[in-house]
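Student: Could you work out the structure for the sequence below:
(chains A and B)
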Amino acid sequence: MLTGAPMARVCVFLILCLGLLPRCVWARVEMTVDLGHQGTVRLERWNPVTVSLHNSAEALSGEVGVRVWRGSEYRKDLHVTTMTRAVQLPHRARKRFTFSIPIASITHPIDVFFRSDGHVIAEQQLNLREALSAEYIIVGLSRDLGLDFLATTFQRHTRVAYLRLPDLPQVWSGYDSVTAVVVKGVSLQRATASQWQALQQWLLRGGTLVVAGDSQYALLQEPRLRQLLPVEVLGLEEVNGLPALASHYGVPMPAVPLVQLRARLTAGEVLVGTAAAPLLAQRALGHGRVVFLAVDYAAQPLDTWPGQKALWSDILQPSEQVDYSRVFAELGLLDDSHPMMKLLSRPILNYPSHTLLSLILVAYCGSLALVFWWMRRRGGRRRGWVALVATVAVAVVGAYVFCQERGLRETALLYDLSVLEVFNQQDPREGLETDQPNALAYARVRGHLGVFSPRGGDLALTFQRPDTILRHTFHRGMGNGYERLNLRLGTATVLDGIKLDPWALRVMSVDSMVPAPLQVQTERHATGMTIRVKNHGTVPLYGAMVLYRGRLFVLGGIAPGAELFEDLYVSLQSAESQFETAWQALYKVSGSRVGKSDGYMQEVLLQHYFGEAHLSQVSQTPLLIGWLPAPATLVPAAGTPAIHGMTLVVGHLAPQNS
Amino acid sequence: MLRLPFRQAWRNVIFQGAAESFGRDAVRWSHGLNYLIILAVVLFITWPKEAFLALRDLPFTYNAMGGAAFILLSYVSFSQGSRKIVGEERMSLRDWLMLAPVSADTFTRGYLAFGLLECVFYWGLILPLLVMAAGASGESMSHAAAGAVLILVCTGSYRILATALLFCLERDEFVLYLVVRLLYVFWILVSGFSMPLLNPVLAFVDASLWHHRHALPSWPLLGVQVPGWVLTIGVHLLLGGLFFIIATIRIRWIRRRAEQLEWAMQEENHGGLSPS
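Tutor: Predicted coordinates:
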């Protein structure tokens, strides 16, 4: 038994030892995880995961991450993607982080962790078998729970998630699982700039925003909503029943007094009512829609009206069809038709020709023969040996410099083929002469990336946009493509851990939204249309053309900052062959003017975008096509091989009538 | 430090003489040129015909080039090594050593050093072709360097082996001819099936991109996993060293026998002239 001074020494020693232990040993971090929108997830889509951390011990720095399994063991393409975000946790800090994660099946759980100095401090596993899943997720932004009836309205399994404004996603991918957002009695002006941008981007990508009226009509006159709505809200009026709605759906409605918004149509179309007094109106926004309902769906008599199902079917227009292209891509059935696989099936390498090779070989053997002849005559003196060594050395250097396939000499061949779909939502209230950049000018970038490593190695790719998501990845080739990827999220999104064996290829499909590099305005006139294109980007647009009614109008190149104004006369332009596929017709115009390598990339992108559709099938609405000879998805970074990039710019034009 | 062995070799009279005769020997140049033309034809035939990136096939040019170089250069090493490079074709080494005023060690070192110089000569000629083939096959320069070292070490050791056999079997030319050819076939062909680590062609493949497809077994050594091609180099260095020792012992033995014979003849001559 130790007593007195020895005991004190032992205590001091122990205290010193404890002091040497890493800080993470003392860390006390509580972690709570919320999956999906109020616990509801949608399979084959990207769903939000919100991680809340509370640090009750001393300050820590580390990273919070979510690990997701994708692919299938049966197909032998199971791979793990870990998304991490750097975190600083001061003492007693409480922080919340939201990730968008792909959930393809419920087979594998999701791991959420917080680690510091390589030690996992908090960890949680989410069992997807226990999660609620739905085929339609409708987000309600309202003060009441008046949307509950939608859960049983459709044949598909539907769930309604009522979110508070602060809980709205900050990035567009947070809405990927959402079918529609219904707003009533809530001011979107209070949403943060990133939340508003995310909502707009999701709308342009194909989302549905439903704005319903109630007594607080002023909320619909606020700038943000006014910009989106198909109507201009003028005020309130009291009506007795809604005969227009009852007659439209053939379901009688009691004539009770109720409040209806007074509005007039400014864009889009009226579904019920008139342009001067629309009851139900909608407006297309990119691939999405904004729907205006002039009455409160949760108030009498609408809440008990039997025609609600038909009304909401018109409002949401739910697609009963499965998105097979998305499912097939996830199952890997489309891997071999991926643009990168098509590109690599073309002769993209650049070997010295047989003629050049034979010339070099003849020159080498001939010069050696000369040296030998000279040495024989002179009796193999020292100068002869020096000449021999010099000939071999020059030949080695020449072989290294001139007889190489330069792509195979690099660490990796890196291709970035992107399709940039410009959503230039023209405000109908603005004329063609306006010079103000459009607030809804975004572009969707679908990147098809390929990393081929001739000699193997570890690679990292930096994406141009921090909100880029990795939709699908697979590997091909003789070597193995290792199945652990790490997506570091932050100011720049970096995909690292791309480990490849020699002669292996990793192919990726990514998706992101960017500010539109082009501002396009069009106006239809009697004999054609007028188009005005301004290049806001830093890369020149070349090969610009408009495809309209089976005709191609070549616009040419537009330098950065430059503007092009053109009148297109449909009657004067000769018609292209209607039996020709669209990609062939476009490639004939653009592909012949570029080099071999760029030509292959353009051909593949056009084939991928237009498929086998004929000119007449794709040119009913005017289409702007152009090329940016640069990568639109990846950023050239130190240590990254040279990026061979080509971007197809596509803009669906919606000309206004003059 | 590094120049010392080269300086010593250059001062070696056997080496000097052999190098001088090599400089005048048109047949050797012609051998070198023919052998280079054959490899150039191999390179031309296996050069990629189309610019496609075949994901399911590794490039073939570099390994075809390496394999052909091994087949030819090994044969050259075996056949040239088992031929006399000093003295008369019909004169035995014992007689030659009796007449030549050089020690056994000087003779062995000079003889083998010249043999290795000849190997380096043939090896140097193919380097540009090897670099071209590596460039067309996506091989790194480190792979090409490893392949070149393999070729040099293996053919050098075959040269020493063949020379040692010449010293041991010079009296029976037919047996020497047969043994040398059998060893060549064993090393280039049979070992590939029975003892892959001895096979230089497989080692060459192992030191290339094809490693992931046809890997030689690697061995743990001092906690490090040594690749198969390094083991092959090690085995060939051991082989070269062993046959260098055998050659040295044999020449010393021949020299001693020659000296004994000389003494015996001198004694016989002396006895014949004595007045008794």
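Student: The residue nearest to A:Met601 when sequence neighbours are not counted is in what secondary structure piece?
Tutor: The shortest distance from A:Met601 to any non-neighbouring residue, by Cβ to Cβ, 6 or more residues apart in numbering or on different chains, is to A:Met646 (3.8 Å). For the C-beta atoms, the positions are set from N, CA and C on the backbone; glycine is no exception. Using DSSP states H and E, the element containing A:Met646 is strand A:643-652.
Student: mind checking how far A:Gln404 is from A:Gly398?
Tutor: Separation of A:Gln404 from A:Gly398 (Cβ to Cβ, to the nearest Å) stands at 11 Å.
Student: In terms of neighbours, single out the busier of these two.
Tutor: A direct count of neighbours by other Cβ atoms under 10 Å in any protein chain shown for A:Gln404 and A:Gly398 places A:Gln404 higher, at 19 against 16.
Student: What is the neighbour count of the nearest residue to the more buried one once chain neighbours are set aside?
Tutor: Excluding its sequence neighbours, the residue lying closest to A:Gln404 (Cβ to Cβ, 6+ apart) is B:Gly135, at 3.6 Å. For B:Gly135, the count of nearby residues is 25 (other Cβ under 10 Å).
Student: Check the contact between B:Gly135 and A:Cys403; I expect there is one.
Tutor: Yes: at 5.4 Å, B:Gly135 counts as touching A:Cys403 under the criterion of Cβ atoms under 8 Å.
Student: List the residues that contact the residue nearest to A:Met601.
Tutor: Contacts for A:Met646 (Cβ atoms under 8 Å, 6 or more residues apart in numbering or on different chains) come out as A:416-418, A:598, A:601-602, A:605, A:627-631.
Student: what's the longest helix seen in chain B packed up against?
Tutor: Longest helix in chain B by number of residues (criterion: DSSP state H): helix B:228-273. Judged by 3 or more Cβ pairs under 8 Å, 6 or more residues apart in numbering or on different chains; DSSP states H and E, helix B:228-273 is in contact with helix B:93-99, helix B:104-137, helix B:141-169, helix B:200-206.
Student: Rounded mean pLDDT for the third one, please.
Tutor: Per-residue pLDDT values across helix B:141-169 average out to 95.
Student: relative orientation of that helix and helix B:104-137 in degrees?
Tutor: Here the directions of helix B:141-169 and helix B:104-137 differ by 150 degrees (axes from the mean of the first three to the mean of the last three Cα atoms, to 10 degrees).
Student: just to revisit the earlier point, could I get the helices and strands packed on helix B:228-273 in a markdown table, plus columns for distance to A:Asn55?
Tutor: Output for these, formatted as a markdown table (distance: least, Cβ to Cβ, whole Å):
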| stretch | distance to A:Asn55 |
| --- | --- |
| helix B:93-99 | 87 |
| helix B:104-137 | 55 |
| helix B:141-169 | 48 |
| helix B:200-206 | 53 |
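Student: Could you point out which of those sits nearest A:Leu245?
Tutor: With Cβ to Cβ as the criterion, A:Leu245 lies closest to helix B:104-137 of the helices and strands packed on helix B:228-273, at 73.4 Å.
Student: Any idea how far the closest one is from the middle of the chain?
Tutor: Mean-position distance between helix B:104-137 and its chain equals 8 Å (Cα atoms, centre = their mean, to the nearest Å).
Student: how many neighbours does the spatially closest residue to A:Asn127 that is not a sequence neighbour have?
Tutor: Setting aside the residues directly before and after it, A:Asn127 is nearest to A:Pro109 in space (Cβ to Cβ, 6+ apart), at 5.1 Å. As a burial measure, A:Pro109 scores 17 neighbours (other Cβ under 10 Å).
Student: How many neighbouring residues does the closest residue to chain A within the stretch 151-276 of chain B have?
Tutor: Nearest residue of the stretch 151-276 of chain B to chain A (Cβ to the nearest Cβ) works out as B:Leu209 at 4.8 Å. Neighbour count for B:Leu209, taken as other Cβ under 10 Å: 25.
Student: Could you check stretch A:56-69 and say which residues are buried?
Tutor: Under the neighbour-count criterion of 16 or more other Cβ atoms under 10 Å in any protein chain shown, stretch A:56-69 has A:57, A:60, A:62-69 buried.
Student: same deal with stretch A:361-371?
Tutor: By 16+ other Cβ under 10 Å, the buried positions in stretch A:361-371 come out as A:361, A:364-365, A:367-369, A:371.
Student: Give the rounded mean pLDDT of it.
Tutor: For stretch A:361-371, the mean confidence score works out to 94.
Student: same thing with stretch A:471-490?
Tutor: Averaging pLDDT along stretch A:471-490 gives 85.
Student: Between the two ends of that stretch, how far is it?
Tutor: When the termini of stretch A:471-490 are compared using Cα to Cα, to the nearest Å, they are 18 Å apart.
Student: That one vs chain B: in contact?
Tutor: Yes: Stretch A:471-490 is in contact with chain B by Cβ under 8 Å from any Cβ of the partner chain, via A:476-480.
Student: what does stretch A:498-513 give?
Tutor: Yes: using Cβ under 8 Å from any Cβ, stretch A:498-513 comes into contact with chain B via A:501-503, A:505.
Student: Most neighbours among these, please name it.
Tutor: Using other Cβ under 10 Å as the neighbour test, the residues of stretch A:498-513 next to chain B are led by A:Trp503, with 27 neighbours.
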